Each structure stands twice: as structure tokens, then as C-alpha cells.
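J.: Have a look at this fold, sequence not included:
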């Protein structure tokens with residue numbers, strides 16, 4: 001490690017890391033014209049493990065969720081986060097409505113740690129040769145109904161073709177951040193307005209009204225969405241039908257739950273035909289064209305777009321939606 005000196009000085013040195021966190025002794029060798037001076041100086045060196053913990057907390061939003069991501073207990077996460085804040089001399093998070101939200105200082109620390117994380121990943125990839133080969137990890141997020149009913153059931157050909165590829169699937173109704181490296185690829189409904197990375201429209205999914213084929217269901221009993229999801233196009237369509245008294249007793253917060261409720265004979269709901277049309281246990285209620293259509297957009301982080309492993313997943317996604325039809 002180099003310690004910069006003033007004019008007429010040259011300095012170099014090395015450090016011995018303490019067992020746990022941040023304090024290191026650095027031997028400074030100062031060369032002044034015709035004399036050599038040795039001295040020890042204390043420097044605070046950031047522990048990468050502590051920064052990774054901070055990133056996990058930022059991405060998870062709670063200590064309990066971060067502990068699951070890191071596979072350590074919640075008490076340890078809390079203790080190490082407090083130790084990091086003490087070392088930095090500032091609070092990194094504030095608790096708001098039960099979630100940990102980065103402070104202004106936390107935002108700066110997170111941005112710096114993410115830059116370090118990205119650089120470390122690139123170094124590891126270049127040394128391992130995975131920049132040129134289809135191997136390594138790719139994180140893909142999508143809403144649960146697409147992940148569980150379309151993507152995962154069709155994964156086998158991709159994984160057999162690329163045995164060194166590791167795909168991390170995240171079924172999540174919320175939008176994970178590409179800029180904060182919470183995911184490499186994301187499938188989202190509607191064109192994103194922010195945190196878009198590189199994006200392109202992948203498909204247009206048609207929706208129709210479905211009920212179970214195994215139960216007798218009142219034709220106007222609709223399973224719709226609770227109020228925080230009332231903005232969804234399918235929720236708005238069913239809300240219009242409610243004016244005629246068609247809303248049933250059940251409201252859900254995602255399409256996967258709506259599908260499960262339809263299977264259980266609790267009512268009927270608008271479902272994407274790319275999934276429902278192939279389900280023999282379901283019956284299409286409406287005839288003719290689709291009742292509505294929603295765009296599916298593929299987002300990718302710019303820094304990983306050209307990696308062979310990421311391109312392999314993109315090609316697979318494109319082929320999957322093309323094979324199943326975009327109408």
C-alpha cells in the first residue's frame with residue numbers, strides 16, 4: 001500500500017490486517033533526501049464482508065430477510081451492521097414503516113460498495129475465463145405466475161445445453177433494481193419508466209376470463225385484486241364488471257393467487273392465455289378475441305449484457321415466448 005507524501009517525499013508500506021474488522025497497522029517508510037524514517041500509522045480499512053452485509057440489508061429491506069440471504073442469524077446481522085456504523089461514525093439506515101431505508105450517508109456507502117462488487121465480479125470472471133464462456137451465475141426475476149408456470153417448467157433445455165450455467169430465479173411481485181445489482185435480468189409488465197437498464201418488448205400477452213372445469217361456479221363471481229393492486233389492467237377490467245354486482249368474496253394480490261383460487265373453484269378471473277390456455281383443468285369463459293393485452297418487457301443490466309451466460313438466458317427467453325405465442 002502506498003502512502004502519498006508531500007514534495008520531496010516518497011512513501012511505501014505494507015499492512016497487517018486485524019482478525020475481524022477494520023483497523024490495520026501500516027508501516028510507512030518515508031525517504032527524505034539522505035535519511036530513511038520508519039513509523040507505524042493506524043488506518044481504517046473497510047472489511048469487504050461488512051460491506052456485503054450492508055448491501056444485503058439494503059436489498060432485503062429488513063434484518064430478517066437479510067439474514068436469510070446471508071444464511072446467518074438475525075442477531076449477527078444486527079450486531080455487524082451496528083459495528084460497521086460505529087466504524088464509519090454514521091447511521092447507514094433509518095427504520096421507516098418497519099423497513100430499513102438507507103440514509104444519505106448510507107446511499108453513498110451503498111453506491112461505493114456496489115461499484116466495488118461490480119469490479120470484483122469482473123476481475124473474478126476475467127481470471128476464471130467465464131467472460132468468454134457460458135458459465136457462472138445469472139439472476140432472473142419475474143412475477144410469480146410467469147416464473148412458476150412458464151419459466152421454471154421450461155428450464156431443462158437451457159440448463160442441459162449449458163451445464164456450467166447457474167440460474168438464480170426470483171419470483172417477486174415487486175421490481176428488483178438493476179442499477180443496484182439486485183438482478184441481472186427482469187421480466188416486467190409495461191415499459192419501465194426508471195431503472196430500466198437496457199430494455200426491449202419481449203411479448204404481448206393476451207388475457208381472457210377463465211374458470212375451473214371441475215366445479216360449478218356462478219358465472220358472474222369474479223376473483224379480483226385488493227386495492228393496492230387495483231391499478232392493474234385486469235383489475236380495472238373486473239372492477240368495471242363489479243358495477244353489475246359481479247365481484248365475489250375473494251380478493252388477491254397477484255395473478256398466481258388468482259390462478260390458485262380459480263383452480264379451487266372459488267370463482268373466475270382474468271388470466272394470461274399463455275398459461276391458462278394450456279391448463280386442461282381450466283375452461284375459457286369468454287369466446288372470441290382477448291379481453292385485454294399486456295406487454296412484457298425484458299430488462300438487462302448494461303454491464304452484463306454482452307456476457308455469454310446472460311445472452312444464453314436472453315436467447316432462451318426469446319425462444320420461449322416465441323414458441324408459446326405473443327398474441
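T.: Sure, I can see it. Just so it is clear, the structure is predicted and the values come from calculations on it, not from any experiment. Numbering: from 1, shown residues only.
J.: ok, now which ones touch the closest residue in space to residue 68 that isn't next to it in sequence?
T.: With sequence-adjacent residues excluded and distances taken as Cβ to Cβ, 6 or more residues apart in numbering, residue 68 is closest to residue 60, at 7.7 Å. Just so you know, the C-beta spots here come from the backbone N, C-alpha and C atoms, and that holds for glycine as well. By Cβ atoms under 8 Å, 6 or more residues apart in numbering, the residues touching residue 60 are 66, 68-69.
J.: ok, now residue 165?
T.: 134-136, 138, 158-159, 309, 312-313.
J.: Kindly write the PyMOL command that selects the buried subset of those.
T.: Restricted to buried positions by 16 or more other Cβ atoms under 10 Å, the PyMOL selection for those reads:
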select buried, resi 134+135+136+138+158+309+312+313
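J.: tell me which of the contacts of residue 165 is nearest to residue 201?
T.: Nearest to residue 201 among these: residue 313, at 17.4 Å, using Cβ to Cβ.
J.: where's that closest one relative to residue 169, distance?
T.: 10 Å (Cβ to Cβ, to the nearest Å).
J.: Find the nearest non-adjacent residue to residue 236, please.
T.: Here the residue nearest residue 236, using Cβ to Cβ, 6+ apart, is residue 230, at 7.3 Å.
J.: For this protein, which segments count as helices?
T.: 48-60, 63-70, 74-88, 104-128, 144-146, 156-161, 233-242, 255-263, 273-276, 308-324 (DSSP state H).
J.: Return the member of the ones you listed having the minimum mean pLDDT.
T.: Within the helices of the chain, confidence is poorest for helix 104-128, with a mean of 74 (mean pLDDT).
J.: one step back: ok, so of the contacts of residue 60, who is nearest residue 266?
T.: residue 68 (31.2 Å).
J.: Give me the common contacts of residue 313 and residue 169.
T.: Shared contacts of residue 313 and residue 169, defined by Cβ under 8 Å, 6+ apart, comprise residue 140.
J.: ok so, going back, nearest to residue 212, of the helices of the chain?
T.: Comparing those under Cβ to Cβ, the one sitting nearest is helix 255-263, at 5.7 Å.
J.: With adjacent residues omitted, what lies nearest to residue 92?
T.: Residue 92 sits nearest to residue 106 (Cβ to Cβ, 6+ apart), 3.8 Å away.
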